[in-house]
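**Q** okay, predicted coordinates and the sequence, questions at the end:
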Amino acid sequence: MQFRQQALAKLRSPEELDLPVRLARPRGRLVLGVVLVVMAAACAWAVTGSVASTVSAPAVLTHGQGSYVLQSPVAGQVTGVLVKEGERVPANSPVLKVRTDRGESAVRTVAAGRITALAATIGQIVRTGADVAVVEQVARTTDPLVATVYVPAQNAAAVPAGAAVDLTVSTVPAERYGVLRGRVASVDRSAQSAQQIAAYLGDSRLGEEFTRQGRPVAVLVRLLDSPATKSGYRWSSAGGPPFRLDSMTSATASIRLADQRPVDWLLP
């Protein structure tokens with residue numbers, strides 16, 4: 001009963017009806033203004049902004065001409081190994097001596113390069129066409145290294161020429177010396193088979209490993225030069241590692257893909 005009397009008394013006192021109605025307190029207006037500004041900025045970014053993404057893929061540091069597998073042209077027993085791994089040899093240089101039914105024969109290099117692997121030892125019996133060595137084709141010690149990155153085929157189309165690349169090198173502690181800097185020089189047009197990768201790198205194991213999830217596309221990355229570092233290349237740290245890099249060193253590459261719009265607008 002008491003509440004009813006108070007309500008009736010309120011109706012009989014219309015003197016406050018002409019006062020303005022407060023829709024929001026000053027603090028509420030401030031919050032509303034901030035929300036509107038944020039929404040406007042988000043809409044503007046959706047129209048003019050872009051999203052940067054990256055793709056990670058395995059890589060190998062090599063010289064640009066790649067490697068080849070040296071095979072024995074004769075069958076017989078190896079009587080001499082004339083080179084060592086890491087040694088640079090000219091074209092037509094003897095690598096092995098093999099004793100055959102017709103006398104002793106030499107297995108020679110096809111092109112100048114560096115011996116990266118030897119698969120034959122003294123006393124071993126080799127057959128015709130057997131793999132006996134891997135030779136990386138490099139004419140001069142000053143030839144620069146490049147990185148060959150094997151990108152999944154579904155991401156290759158989004159890799160632009162000149163894209164920034166960060167390489168985490170397996171032999172360099174990234175937490176201490178940072179990552180190696182590079183730029184995309186070219187993107188292959190077709191996917192690589194295990195045999196093609198093995199022929200270029202001179203390693204069938206890498207060919208099988210890089211094609212385990214499907215045939216990748218080879219992306220050639222030019223390493224950025226820096227005369228201020230011991231390696232001769234640019235790193236995310238000031239000096240990089242205190243030693244030079246060897247070819248056939250594995251790495252993991254992070255390639256920045258082409259920027260994408262966050263919203264695709266459909267026009268009628």
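**A** All right, it came through fine. Because the structure is predicted, anything quoted here is derived from the model rather than measured.

**Q** dig out what Pro152 forms beta bridges with.
**A** Beta-bridge pairing for Pro152 (DSSP bridges): Pro216.

**Q** give the contact list for it.
**A** Residues in contact with Pro152 (C-beta atoms under 8 Å, 6 or more residues apart in numbering) are Val55, Ala57, Gln213, Gly214, Pro216, Val217. C-beta here means a position set from N, CA and C on the backbone, and glycine is covered the same way.

**Q** now the buried members of those residues.
**A** Buried members of those, counted by 16 or more other C-beta atoms under 10 Å: Val55, Ala57, Pro216, Val217.

**Q** tell me what the longest strand that the chain contains is packed against?
**A** Assignment by DSSP state E gives strand 180-191 as the longest strand of the chain. Judged by 3 or more C-beta pairs under 8 Å, 6 or more residues apart in numbering; DSSP states H and E, the packing partners of strand 180-191 are strand 145-152, helix 153-156, strand 164-169, strand 216-223, strand 249-256.

**Q** by contact count, what packs against the shortest one?
**A** It stands for helix 153-156. If you count contacts as 3+ C-beta pairs under 8 Å, 6+ apart, helix 153-156 packs onto strand 180-191, strand 216-223.

**Q** how far does stretch 56-71 sit from the chain's center?
**A** Here the centre of stretch 56-71 is set off from its chain's centre by 14 Å, with C-alpha atoms, centre = their mean, to the nearest Å.

**Q** next one: stretch 193-204
**A** 18 Å.

**Q** hey, C-alpha coordinates of it in CSV?
**A** The C-alpha atoms that make up stretch 193-204 are tabulated as CSV, following Å, rounded to 0.1, in the frame of the first residue of the first chain:
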residue,chain,number,x,y,z
SER,A,193,60.8,-35.0,-58.4
ALA,A,194,63.0,-36.9,-56.0
GLN,A,195,65.3,-37.8,-58.9
GLN,A,196,65.7,-34.2,-60.0
ILE,A,197,66.5,-33.1,-56.5
ALA,A,198,69.0,-35.9,-56.1
ALA,A,199,70.7,-35.1,-59.4
TYR,A,200,71.1,-31.4,-58.5
LEU,A,201,72.2,-31.9,-54.9
GLY,A,202,74.1,-35.2,-55.6
ASP,A,203,72.2,-36.9,-52.7
SER,A,204,69.4,-39.4,-53.1
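
**Q** before we move on, back to that, now distance to Thr252 and mean pLDDT too, for the helices and strands packed on helix 153-156, in CSV please.
**A** Below are the helices and strands packed on helix 153-156 laid out as CSV (distance: least, C-beta to C-beta, whole Å; pLDDT from 0 to 100):
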stretch, distance to Thr252, mean pLDDT
strand 180-191, 11, 94
strand 216-223, 12, 96
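
**Q** format those as JSON lines; extra columns: distance to Gly202.
**A** Shown next, in JSON lines, are these (distance: least, C-beta to C-beta, whole Å):
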{"stretch": "strand 180-191", "distance to Gly202": "18"}
{"stretch": "strand 216-223", "distance to Gly202": "15"}
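
**Q** which of those sits closest to Gly123?
**A** Of all the helices and strands packed on helix 153-156, it is strand 216-223 that lies closest to Gly123, at 38.6 Å by C-beta to C-beta.

**Q** for the closest one, packing partners?
**A** Packed against strand 216-223 by the contact rule (3+ C-beta pairs under 8 Å, 6+ apart) you find strand 54-63, strand 145-152, helix 153-156, strand 164-169, strand 180-191, strand 249-256.

**Q** switch the cut-off to 10 Å
**A** Here strand 216-223 touches strand 54-63, strand 145-152, helix 153-156, strand 164-169, strand 180-191, helix 194-201, strand 249-256, going by 3 or more C-beta pairs under 10 Å, 6 or more residues apart in numbering; DSSP states H and E.

**Q** okay, the angle between the second one and strand 164-169?
**A** When axes from the mean of the first three to the mean of the last three C-alpha atoms, to 10 degrees is applied, the directions of strand 145-152 and strand 164-169 differ by 100 degrees.
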